[in-house]
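Peer 1: Need a 3D model of the sequence below.
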Amino acid sequence: MTQADLNLTTIFPLIFLTVWACTLLLIDLSIPGRRKGVTALLAAAGLGLALGFTLAQTGRQETGFGGMVVLDGFSIFVNALLLVSGILGIALSYGYVKRMGLERGEYYTLLLFSVTGMMLMAQAADLIVVFLALELLSIPLYVLAAFARPKPESEEAGLKYFLLGAFATGFVVYGTALVFGATGSTNLIAIVNKVGIPSDGTVNLLLLALGSALILVGLGFKVAVVPFHMWTPDVYQGAPSAVTAFMSSGAKIAGFAALLRVFATAFPAIAADMTGVFWALAALTMVLGNLIAIAQTNIKRLLAYSSIAHAGYILMAFVPYGNPEVAPVSIAAGLFYLVAYAITNFGAWGVVIALERETGKGLELNDYAGLARKQPLHAAAMAIFMLSLIGLPPTIGLVGKFYLFRAVIAGGFTGLAIIGVLTSLVSAYYYLRVIVIMYMREGEPETERESFLDLTTIVTAVATVVISLVPQFLFAWASSAVLKLF
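Peer 2: Prediction:
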């Protein structure tokens with residue numbers, strides 16, 4: 001492979017972030033234990049610089065490493081969102097790890113490596129790279145989930161996530177092998193070109209369908225769609241809350257980016273076979289996630305099932321992907337909804353972290369009683385986030401669901417849109433319950449006032465409302481990002 005084939009500039013932000021993380025690991029050795037906040041600030045600075053490099057690549061369309069990675073509008077959009085998610089994750093962690101006695105420098109290095117894996121997932125143009133990126137983003141998350149050792153629930157979360165994650169990765173590897181057996185290649189463009197010439201008889205479409213289904217299982221675990229969601233409530237509850245906040249957004253963004261890249265690029269020939277699968281998975285995930293969330297009394301488990309339900313909404317964007325007229329709009333709606341969910345989710349977890357105590361108290365819904373009287377800004381922000389998760393005005397969640405439902409209806413899947421609307425009505429019960437408890441019940445909740453935590457909560461709350469008033473620019477960016485996929 002020549003230097004021109006490598007084209008290192010396509011993954012320059014990833015290379016920079018990897019070098020920064022390795023350097024930070026060495027620098028951290030000389031930082032005293034009581035000043036690990038310096039490590040956090042350096043990690044955030046690295047993510048900020050990588051974000052600048054990523055945005056500077058806007059407008060470029062290139063491949064690298066012999067076509068195994070790609071730089072295009074889609075990867076730039078997703079990578080920018082992932083880098084912002086990493087910065088928000090550090091902002092939520094800054095005071096939390098001190099308060100919980102978890103202030104160790106490797107925390108931030110692991111987070112940077114996980115972000116690097118997520119970014120590589122968005123740029124993957126080969127199934128082998130998808131596998132490598134999946135492992136790079138997952139292994140640091142396994143460690144971070146168990147970071148609160150020796151707490152049994154944190155160690156249990158890390159072990160469950162590791163065992164089930166390794167099992168799911170096996171499906172991706174086996175699916176990749178079947179796709180290679182069917183087409184003779186793991187490169188996404190080569191696969192679609194091979195499938196586009198069925199007359200030569202060299203492509204086994206049944207084997208290709210089986211391979212794509214197994215890849216869907218492996219990536220479905222990462223984004224927590226039913227029935228691959230079993231790990232989510234226990235891991236979200238047991239892991240440190242700052243880790244859960246980052247995991248619930250970052251891993252979902254990366255997983256859906258890989259699904260979008262793989263199925264929109266490589267497998268359009270089997271769209272007719274996969275449409276029913278996506279339809280069923282989306283409907284089942286929305287129904288089960290919202291119904292089980294009703295019974296939750298722990299805020300972390302409630303947000304875990306909320307995350308599952310929203311994976312179902314995002315999965316709706318995949319259903320019309322076989323229709324060349326509707327698919328670009330549908331995928332753009334999915335990208336927009338990923339942004340809406342990430343902003344809202346980080347804000348909600350910011351309030352959760354503010355109320356959580358070192359002893360583990362503050363995580364039950366009843367602990368939010370009286371929050372509106374004692375901390376009106378936290379209560380108002382949480383109310384905005386709950387309304388956004390339902391999809392009520394004036395929030396970005398409403399706009400995201402409008403774009404999604406409109407695309408699904410345009411694709412001829414009105415029944416799925418009706419299920420989405422009905423499950424949103426169901427979700428109103430448990431989201432509004434949080435608001436009712438905060439504003440209509442007496443209590444004395446204890447909250448932490450931390451500068452970065454409060455700033456993150458305020459910024460995400462403002463963004464949740466403001467973007468809903470002028471969503472056109474974001475949807476236009478998402479639309480331009482997916483044009484090259486079709």
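
Peer 1: Domain map for the chain?
Peer 2: When the chain is parsed with automatic domain parsing, its domains come out as 1-170+228-259, 270-486.

Peer 1: how about the ones you listed, which one is nearest residue 208?
Peer 2: Among the domains of the chain, the nearest to residue 208 by C-beta to C-beta is domain 270-486 (6.1 Å). All C-beta spots, glycine's among them, are computed from the backbone N, C-alpha and C.

Peer 1: can you tell me the average pLDDT over the closest one?
Peer 2: Domain 270-486 carries an average pLDDT of 89.

Peer 1: Distance from the chain centre to that domain, please.
Peer 2: Averaging C-alpha positions (C-alpha atoms, centre = their mean, to the nearest Å) puts domain 270-486 12 Å from its chain's average.

Peer 1: Out of the domains of the chain, which gets nearest to residue 184?
Peer 2: Across those, residue 184 has its closest neighbour in domain 1-170+228-259 (12.6 Å, C-beta to C-beta).

Peer 1: re earlier: quick one: the domains of the chain as JSON lines, columns for mean neighbour count too.
Peer 2: Formatted as JSON lines, the domains of the chain follow (neighbours: other C-beta atoms under 10 Å):
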{"stretch": "domain 1-170+228-259", "mean neighbour count": "21"}
{"stretch": "domain 270-486", "mean neighbour count": "20"}
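
Peer 1: State the phi and psi torsions of residue 63.
Peer 2: phi -120, psi 160 (degrees, to the nearest 10).

Peer 1: quick one: contacts for it?
Peer 2: Residue 63 makes contacts with 7, 10, 69-71, 125, as judged by C-beta atoms under 8 Å, 6 or more residues apart in numbering.

Peer 1: What's the first helix or strand after the helix or strand hosting residue 280?
Peer 2: Per DSSP states H and E, residue 280 falls inside helix 271-293. Using DSSP H and E, the helix or strand that directly follows helix 271-293 along the chain is helix 299-315.

Peer 1: and the angle from that following helix to helix 271-293?
Peer 2: Helix 299-315 runs at 160 degrees relative to helix 271-293, counting by axes from the mean of the first three to the mean of the last three C-alpha atoms, to 10 degrees.

Peer 1: now for the helix or strand that helix 299-315 is followed by, which elements pack on it?
Peer 2: Once helix 299-315 ends, the next helix or strand along the chain (criterion: DSSP H and E) is helix 327-355. Contact partners of helix 327-355 among helices and strands, from 3 or more C-beta pairs under 8 Å, 6 or more residues apart in numbering; DSSP states H and E: helix 73-99, helix 241-265, helix 299-315, helix 376-390, helix 396-410, helix 451-469, helix 472-482.

Peer 1: Switch those over to JSON lines; also include distance to residue 325.
Peer 2: Converted to JSON lines, the helices and strands packed on helix 327-355 look like this (distance: least, C-beta to C-beta, whole Å):
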{"stretch": "helix 73-99", "distance to residue 325": "19"}
{"stretch": "helix 241-265", "distance to residue 325": "14"}
{"stretch": "helix 299-315", "distance to residue 325": "20"}
{"stretch": "helix 376-390", "distance to residue 325": "30"}
{"stretch": "helix 396-410", "distance to residue 325": "8"}
{"stretch": "helix 451-469", "distance to residue 325": "27"}
{"stretch": "helix 472-482", "distance to residue 325": "13"}
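
Peer 1: what's the closest of those helices to residue 62?
Peer 2: helix 73-99 (10.3 Å).

Peer 1: Do me a favour and average the pLDDT over the closest one.
Peer 2: 92.

Peer 1: now the angle from it to helix 327-355?
Peer 2: Using the same axes, to 10 degrees: helix 73-99 against helix 327-355 is 10 degrees.

Peer 1: Spit out the contact partners of residue 435.
Peer 2: Counting by C-beta under 8 Å, 6+ apart, residue 435 has contacts 382-383, 386-387.
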